[in-house]
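>>> Any chance you can model this:
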Amino acid sequence: IVMNKPEGVEKVEMAGPGFINFYLSKEFFKESLGEIIEKRDEFGKNEHAKGFKVIVEYTSPNLFKPLHIGNLVGNITGESLARIFEYSGAEVKRINYPSDIGLTVAKAVWGLKKTQGDPNDIKVLGEAYRLGNESYENDLTAKEEIEQTNKALYENSNPELSSLREKGIKTSLKHLDSLCERFGTKFDKEFFESQAAPIGQQIVKENTSKIFEESEGAIIFRGEHVRVFLNSQGLPTYEAKELGLFKLKIEEFPDFDLSITITGTEQKDFFKIVFEAIKKVFPKETEGKILKHIANSFLRLPTGKMSSRLGNTISGEDLIEEVRGKVKDDEAVAVGAIKYMILRQAIGNDIVFDLEKSVSTEGDSGVYLQYAHARANSILEKADKKADSSGERANIHEVERLLYRFPEIVERAGAEYAPNYITTYLTELASAFNNFYAHEQIKDDPYRLAITQAFKNVMRNGLNILGIPAPEKM
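The predicted model follows:
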């Protein structure tokens, strides 16, 4: 049975019970190529989230130690989601929420005082934290000293300890800014735990007996399960700080529609209760707004660690330097390799970071996509003729069948919070283009050059959404 066909469709056929085949016309593909070439950087953008205001909170490390790979996964995931929402027409604000006060910081400050280490050296800070953490868990005297250090830092009652903290914060933020710049992230706003803590503490006190209750000297919230918001010393826990953070967010961005928080999977239950408490404390402010927690993937290595030299804790710098060593010290390629290996997986799925696979030129890698983009650029630079999609073509190539789908892939990635759809699509597109390159004479054919130009535009736009550099030459 042959059915009436809509515009852009060559023919429509029944293909058995419940199935219909649509065959797109050559004219459709010609027009599609022309649109991709004309729109350039704008191709792939949609208005699915037009007028929508989104806060994306990600990275948010504990200061006083190098950025570890868990933070790196959150940074890469958050940046990509922010870009997907921007491509979908949303107004996006990027937020970082570093931990600059609390028990973690107290452990590091205590360690610095014990070792007389240099607070201007990030690796020294990391070692001080390791010592403090180990001592806190194994030495009752040290544990008591660290808890007193924590109290003194909150109260700002000991100038020596407060000075070590301030110097460590400065070093940590400088280190964090440098790494985020290397990975293409620039935050619109940073809120700190030291800002959120007193606000959250006050909120809990004001709502005790109404929303919170006293229990064994602490202040708790009874949700799906019980969480402590003020400890027995009266100090705010991470839960209370989240209340303070929400107030800071709502004051800075009062008309947001969606607030996304990206952290490790171990905090799923934490945010269920925290969001419940926030909605009870701020019923009017949260009305009509979506609070969403995204649990990012856990990254591990086939051997459990990158090398014996690096030890069990892998920092972002360690990882990028290892990968750079495999790609002739090319920073852009190393960043692309790391980001691809993280974004190829659905968010929340564990990632096994295979160093050799990450730099492969044979496919399923960031290098493979970057190389395909550079190859297309080289072809266009050396071409004898100008790209022109108006001519005739005997056959429709697989590259053309894929190119026009890019906007719908971006839209789906945004609707499902899934950058991996874009990664999978670009890998399939690069494979099709490499096959096209291997079997077609391109440089003297205007239509094939149009396919190449359209491919380059889409690949560049897709890589940009993923936050992966798109080198012109490799």
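
>>> So which elements touch whichever helix or strand residue 178 is part of?
Secondary structure from DSSP states H and E places residue 178 in helix 159-182. In terms of contacts (3 or more CB pairs under 8 Å, 6 or more residues apart in numbering; DSSP states H and E), helix 159-182 is packed against helix 103-115, helix 122-138, helix 140-155, helix 316-324. Yep, even glycine has a C-beta here, placed from its N, CA and C like the rest.

>>> Pick the most buried one from the ones you listed.
Greatest average neighbour count among these goes to helix 103-115 (a mean of 24), per mean count of other CB atoms under 10 Å.

>>> how far out from the middle of the chain is that one?
30 Å (CA atoms, centre = their mean, to the nearest Å).

>>> got a list of contacts for it?
Helix 103-115 has contacts (CB atoms under 8 Å, 6 or more residues apart in numbering) with 62-65, 99, 117, 119, 124-125, 127-133, 135-136, 142, 145-147, 149-150, 153, 160-161, 164-165, 168.

>>> the inter-axis angle of it versus helix 122-138?
Orientation check (axes from the mean of the first three to the mean of the last three CA atoms, to 10 degrees): helix 103-115 against helix 122-138 gives 100 degrees.

>>> Tell me which residue is most central in this structure.
Centroid-nearest residue in the chain: residue 77, 2.0 Å away (criterion: CA atoms, centre = their mean).

>>> list the contacts for it?
Here residue 77 is in contact with 58, 262, 294, 296-297, 342-343, 347, 419 (CB under 8 Å, 6+ apart).

>>> Kindly recompute the last result at 10 Å.
By CB atoms under 10 Å, 6 or more residues apart in numbering, the residues touching residue 77 are 56, 58-59, 262, 294, 296-297, 339, 342-343, 345, 347-348, 417, 419, 467.

>>> so how far is residue 51 from it?
Going from residue 77 to residue 51 by CB to CB, to the nearest Å gives 25 Å.

>>> quick one: the strands in the stretch 151-300 of the chain?
189-190, 213-215, 218-222, 226-230, 258-263, 290-295, 299-300 (DSSP state E, counting those that start in this stretch).

>>> export those strands to a markdown table and tack on mean pLDDT, mean neighbour count and distance to residue 389?
Shown next, in a markdown table, are the strands of the stretch 151-300 of the chain (pLDDT from 0 to 100; neighbours: other CB atoms under 10 Å; distance: least, CB to CB, whole Å):
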| stretch | mean pLDDT | mean neighbour count | distance to residue 389 |
| --- | --- | --- | --- |
| strand 189-190 | 97 | 16 | 44 |
| strand 213-215 | 96 | 13 | 69 |
| strand 218-222 | 97 | 20 | 61 |
| strand 226-230 | 97 | 20 | 59 |
| strand 258-263 | 97 | 22 | 38 |
| strand 290-295 | 97 | 16 | 40 |
| strand 299-300 | 79 | 18 | 42 |
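
>>> So which of these is nearest residue 272?
strand 290-295 (7.8 Å; CB to CB).

>>> Note down every partner strand of the closest one and its orientation.
Partners of strand 290-295 in the sheet, by DSSP bridges, are strand 258-263 (parallel).

>>> in the stretch 1-150 of the chain, which spans are strands?
2-3, 9-14, 20-24, 53-57, 91-96.

>>> Show me what the mean pLDDT comes to for the third one.
So that's strand 20-24. Averaging pLDDT along strand 20-24 yields 56.

>>> ok, residue 205 - contacts?
Residue 205 neighbours (CB under 10 Å, 6+ apart): 212, 219, 229-230, 234, 236, 240.

>>> how about JSON lines for those, with distance to residue 425 added?
Shown next, in JSON lines, are the contacts of residue 205 (distance: CB to CB, whole Å):
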{"residue": "212", "distance to residue 425": "47"}
{"residue": "219", "distance to residue 425": "49"}
{"residue": "229", "distance to residue 425": "44"}
{"residue": "230", "distance to residue 425": "48"}
{"residue": "234", "distance to residue 425": "53"}
{"residue": "236", "distance to residue 425": "44"}
{"residue": "240", "distance to residue 425": "43"}
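
>>> Show me the two of the residues you listed that sit farthest apart.
Taking CB to CB, no two of the contacts of residue 205 sit farther apart than 212 and 234, at 12.8 Å.

>>> any residues in contact with both of those two?
In contact with both residue 212 and residue 234: 204-205, 218-219, using CB under 10 Å, 6+ apart.

>>> Pick the one among these closest to residue 40.
Nearest to residue 40 among the shared contacts of residue 212 and residue 234, with distances taken as CB to CB, is residue 204, at 52.1 Å.

>>> looking at it, the closest one is touching residue 278, isn't it?
No - here residue 204 lies out of contact with residue 278, judged by CB atoms under 10 Å, at a distance of 11.9 Å.

>>> Find the residues that touch each one of those two.
What both residue 204 and residue 278 touch, as defined by CB under 10 Å, 6+ apart, is the set 239, 243.

>>> can you pull the buried residues of stretch 436-447?
436-437, 442, 445, 447 (16 or more other CB atoms under 10 Å).

>>> how close does residue 179 sit to residue 463?
20 Å.

>>> Looking at the two, which is more packed in?
Shown here are residue 179 and residue 463; by other CB atoms under 10 Å, residue 463 has more neighbours (24 against 20).

>>> Give me the pLDDT value at the spatially closest residue to that one that is not a sequence neighbour.
Residue nearest to residue 463 in three dimensions, not counting chain neighbours: residue 470, with 4.4 Å by CB to CB, 6 or more residues apart in numbering. Residue 470 carries a pLDDT value of 97.

>>> related to what we said a few turns ago, sort out which one of the shared contacts of residue 212 and residue 234 lies nearest residue 89 for me.
Nearest member of the shared contacts of residue 212 and residue 234 to residue 89, counting by CB to CB, is residue 204, at 38.1 Å.
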